[in-house]
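any chance you could fold what I've pasted below:
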Amino acid sequence: AAFGPATVVGAAVRATALAGVVSVDVVTSQRDFARDTKRRVARTVVVQLAAGQAQAQARVVDGGVAADVASESAALQSATDARLRVVLRTEAARRLVEVWRSGQLVRSHDVTAAHGRFYSDATFGSLAWANDNSHVLYAAEQPERSGDDAPQYAADASEDWGETFSGWRAPVLVALRLADGAVHVVDTAAGVSPGQALFLPGDALRIAYVGYAHGARRPGLVYCQNRPSALYVGALHGGGGAHACVFRGAVRSPRLTPSGAAVVFLSTAVGGPHAAASALMRYTLATGAVDTVVPVVDRAADAERVVDGTRLPPGFPGLFVDQLPRAPWLRCAAAPARELLVLTSVWRSTAAVVGVDVGARRVARHSPVDATAAATVLGCGGDAVAAVFSTPAAPGSVAVGRAAVAGADVRIDWFHIDGGAAAAGDGGDDAPSVTWSIVPAAAEHDGSACESIFVRPAAPAPSTRLFWPAGRGEHARPLVVMPHGGPHAAHTLEYSAQVAGLARLGFGVLLVNFTGSLGFGQQAVLAQIGRMHSLTLAEIQAGAAAVHAMRLADARRTVYMGGSYAGYAGALLAARAAGFYRALALRNPVVALADNAAMSDIPDWCWAELGLAYGFDAPPPLTPAVYAQMWAASPASMVDAVRDPMLLLLGAADRRVPPPQSRGYYARLRAAAKPVQCRVYPAVGHPLDSVEAERDSFATTARFFAAALE
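Predicted structure coming up:
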């Protein structure tokens, strides 16, 4: 096929004038191999929800017409006038701010000369309507300076925020007055890069935003929740020096409560693990007080309990959230004063819908955590919430949840629009159905519960004939061991085209979670610090051995696949467990910690994961003693012990794990006559996520494994 499956990347839900009928704006992304690009398509679906039929199929009243929205950088409907919609549009070299009313374009402002590219990412991206709809606030690159005023050779003038932001000038907040198109670059607090801005209540045009501290150098931000930052409030047209810092730490996702009385936001510890458990905080506008709504949880408990005044449900491991939804609030007619926040959080080996009653300080779970599916909240409108449910077998389906209040409890009944998450599990006539299960394990450091996900084809099929032909039992199935990167991330039941593709070729795929994975409590995250080169390796091997012991895969036909930190772990295992894996495919692996510390956009990672102190305002020097410690923990120090075939897949534009250290590793392996191959993808960053890099790296890896397993 010349295209890949469509995956849902966004949705907004709105009530209509008809009872039980809602409108859902759905945005999907799809790989177009003919054009070598990812297409973004939007459609509006009108559905009817049958009362009292939870987990039912919604009746589609109008399926809508798909429209390509690739030129839209961001769009937002006004909260006070549903007829108004603002669009930030990029066409060729032009940047436009458009205002649409009732489906008709009423204003179009060319802002190309006022600033650089629009920021529409989760870190800096901003788009907000003023309460009276007189202004629109958004984020963009600061204006390019020219002539004598340009700091042509100043280092801080060219410094960016690392991976995914290469070559981008610093962000600024921009206010556009709709009456006359006047553009105003907002003067924000000094020494920070602003983002995630919103308007505060009232007619004084006051705003709140997150400011990321510049420090001695600007650390990479993407995938990192632990960066020094603060929540600021101030006047849109006042000086940045008058903007008040109301909370300092590692801050993100400010969201105004429906009452307008407070701003809630996420807070994570500064430094240390790049992702960890977060607290949900509340800043009360009238008093300036900041309090904790949901605390950090060290370890899940089997029973409901109260921690620091917040009631937590059984099994709740804490909030493991990257960003809150842009529209996170449920409003139920039966309880109009209740402020109900809905979000997605990693909960063991799945992604769950979690609700927080902010006023009552009560947390509840609203989706299964029984290995059925992963659920991701996309946004709320009235008493409805839009989410996507996916499984390892299916890209996912949109569902609409309808909330009902019964006393202190809130129930969400789900209605699937596209047939349910399991409906798309069939890969076609030639492909097998894909199944999965949870493989329990005991963490090596203290015996606490951990687990992995085992995805595999249910039975041989024509597409599995190369790796798992008909007539072979489950014990003969080849196994791909695939830990996640990070290391503070998680494998969940969310769909992965790569994993599903391997399963449909006949592989069993073990998605290894380990001590340090998210979703198992804060203690588990911290327990890995200082032991990333020992503890994790033992748990990866134990997971593979468990699958072998259950006779679900062939120990003699086991291969390894991993990227970033998982590439690091794989390179260590290639030396320390030589012969266990028939082949290892490593994507942008960390192989020389000290080299990476000198080149990476996140040098603190190399210190923090070894348990060494790192200060953002005064980064430590790479002393001979530290270098020696990093070298001892580096796969590059163990080249002579490698003997199994290895494939290195590198992004030439990777800022997180720059390719020179992997190229040096590759050269040393070749010099030692080790069986190694390497592919480098031009202009591709750390995730290897261009259409061509995804296609070629998968095909190359499949051929590499086929040759190794002959």
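
and the helices in this structure?
In the chain, the helices defined using DSSP state H lie at 155-158, 497-504, 522-527, 535-549, 565-576, 593-599, 604-608, 624-632, 659-671, 691-708.

by how many degrees do the fourth one and helix 565-576 diverge?
Read that as helix 535-549. Inter-element angle recorded for helix 535-549 and helix 565-576: 80 degrees (by axes from the mean of the first three to the mean of the last three Cα atoms, to 10 degrees).

if we go by neighbour counts, what in helix 535-549 is buried?
For helix 535-549, the neighbour count (16 or more other Cβ atoms under 10 Å) marks Leu535, Thr536, Leu537, Glu539, Ile540, Gln541, Ala542, Gly543, Ala544, Ala546, Val547, His548 as buried. All C-beta spots, glycine's among them, are computed from the backbone N, C-alpha and C.

and those as JSON lines, adding pLDDT and distance to Val294?
Shown next, in JSON lines, are those (pLDDT from 0 to 100; distance: Cβ to Cβ, whole Å):
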{"residue": "Leu535", "pLDDT": "92", "distance to Val294": "28"}
{"residue": "Thr536", "pLDDT": "93", "distance to Val294": "28"}
{"residue": "Leu537", "pLDDT": "96", "distance to Val294": "34"}
{"residue": "Glu539", "pLDDT": "95", "distance to Val294": "29"}
{"residue": "Ile540", "pLDDT": "96", "distance to Val294": "32"}
{"residue": "Gln541", "pLDDT": "96", "distance to Val294": "36"}
{"residue": "Ala542", "pLDDT": "94", "distance to Val294": "33"}
{"residue": "Gly543", "pLDDT": "96", "distance to Val294": "31"}
{"residue": "Ala544", "pLDDT": "97", "distance to Val294": "36"}
{"residue": "Ala546", "pLDDT": "95", "distance to Val294": "34"}
{"residue": "Val547", "pLDDT": "97", "distance to Val294": "36"}
{"residue": "His548", "pLDDT": "97", "distance to Val294": "40"}
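
so which of the helices of the chain is nearest Thr164?
Within the helices of the chain, the stretch nearest Thr164 is helix 691-708; the backing value is 14.6 Å (Cβ to Cβ).

using PDB, list the CA coordinates for the closest one.
The C-alpha trace of helix 691-708 is given here as PDB (Å, rounded to 0.1, in the frame of the first residue of the first chain):
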ATOM      1  CA  VAL A 691       8.200   8.400   6.700                       C
ATOM      2  CA  GLU A 692      11.200   7.200   4.800                       C
ATOM      3  CA  ALA A 693      13.200   6.400   8.000                       C
ATOM      4  CA  GLU A 694      10.400   4.500   9.500                       C
ATOM      5  CA  ARG A 695       9.800   2.500   6.400                       C
ATOM      6  CA  ASP A 696      13.500   1.700   5.600                       C
ATOM      7  CA  SER A 697      14.500   1.000   9.200                       C
ATOM      8  CA  PHE A 698      11.700  -1.500   9.600                       C
ATOM      9  CA  ALA A 699      12.400  -3.300   6.400                       C
ATOM     10  CA  THR A 700      16.100  -3.300   7.000                       C
ATOM     11  CA  THR A 701      15.600  -4.700  10.500                       C
ATOM     12  CA  ALA A 702      13.300  -7.400   9.200                       C
ATOM     13  CA  ARG A 703      15.900  -8.500   6.600                       C
ATOM     14  CA  PHE A 704      18.700  -8.300   9.200                       C
ATOM     15  CA  PHE A 705      16.700 -10.600  11.600                       C
ATOM     16  CA  ALA A 706      15.900 -13.000   8.700                       C
ATOM     17  CA  ALA A 707      19.600 -13.400   7.900                       C
ATOM     18  CA  ALA A 708      20.600 -13.900  11.500                       C
END
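
any chance of the helices of the chain in JSON lines, with distance to Ala443 too?
Shown next, in JSON lines, are the helices of the chain (distance: least, Cβ to Cβ, whole Å):
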{"stretch": "helix 155-158", "distance to Ala443": "43"}
{"stretch": "helix 497-504", "distance to Ala443": "23"}
{"stretch": "helix 522-527", "distance to Ala443": "7"}
{"stretch": "helix 535-549", "distance to Ala443": "7"}
{"stretch": "helix 565-576", "distance to Ala443": "16"}
{"stretch": "helix 593-599", "distance to Ala443": "24"}
{"stretch": "helix 604-608", "distance to Ala443": "20"}
{"stretch": "helix 624-632", "distance to Ala443": "24"}
{"stretch": "helix 659-671", "distance to Ala443": "30"}
{"stretch": "helix 691-708", "distance to Ala443": "29"}
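
relative to His115, how far out is Val210?
According to Cβ to Cβ, to the nearest Å, Val210 stands 19 Å off from His115.

more neighbours: these two, which one.
Neighbours were counted for Val210 and for His115 using other Cβ atoms under 10 Å; Val210 has more, 25 against 22.

show me where the stretch 351-500 of the chain has strands.
362-365, 374-381, 384-391, 394-406, 409-416, 434-442, 449-457, 479-483 (DSSP state E, counting those that start in this stretch).

Glu710 is nearest to which of these?
It is, among the strands of the stretch 351-500 of the chain and with distance given as Cβ to Cβ, strand 479-483, at 16.4 Å.

partner strands of the closest one and their direction?
Strand 479-483 has these partner strands in its sheet, going by DSSP bridges: strand 508-512 (parallel), strand 558-563 (parallel).

right, and those strands - which one's nearest Arg362?
Across those, Arg362 has its closest neighbour in strand 508-512 (32.3 Å, Cβ to Cβ).

for the closest one, the distance to its chain's centre please.
Put simply, strand 508-512 sits 20 Å off its chain's centre (Cα atoms, centre = their mean, to the nearest Å).

dump the C-alpha coordinates for that strand into CSV.
Extracted in CSV, the C-alpha atoms of strand 508-512 (Å, rounded to 0.1, in the frame of the first residue of the first chain):
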residue,chain,number,x,y,z
GLY,A,508,6.5,-12.7,19.5
VAL,A,509,7.4,-9.2,20.8
LEU,A,510,8.2,-8.8,24.5
LEU,A,511,7.7,-5.1,25.5
VAL,A,512,9.7,-5.0,28.7
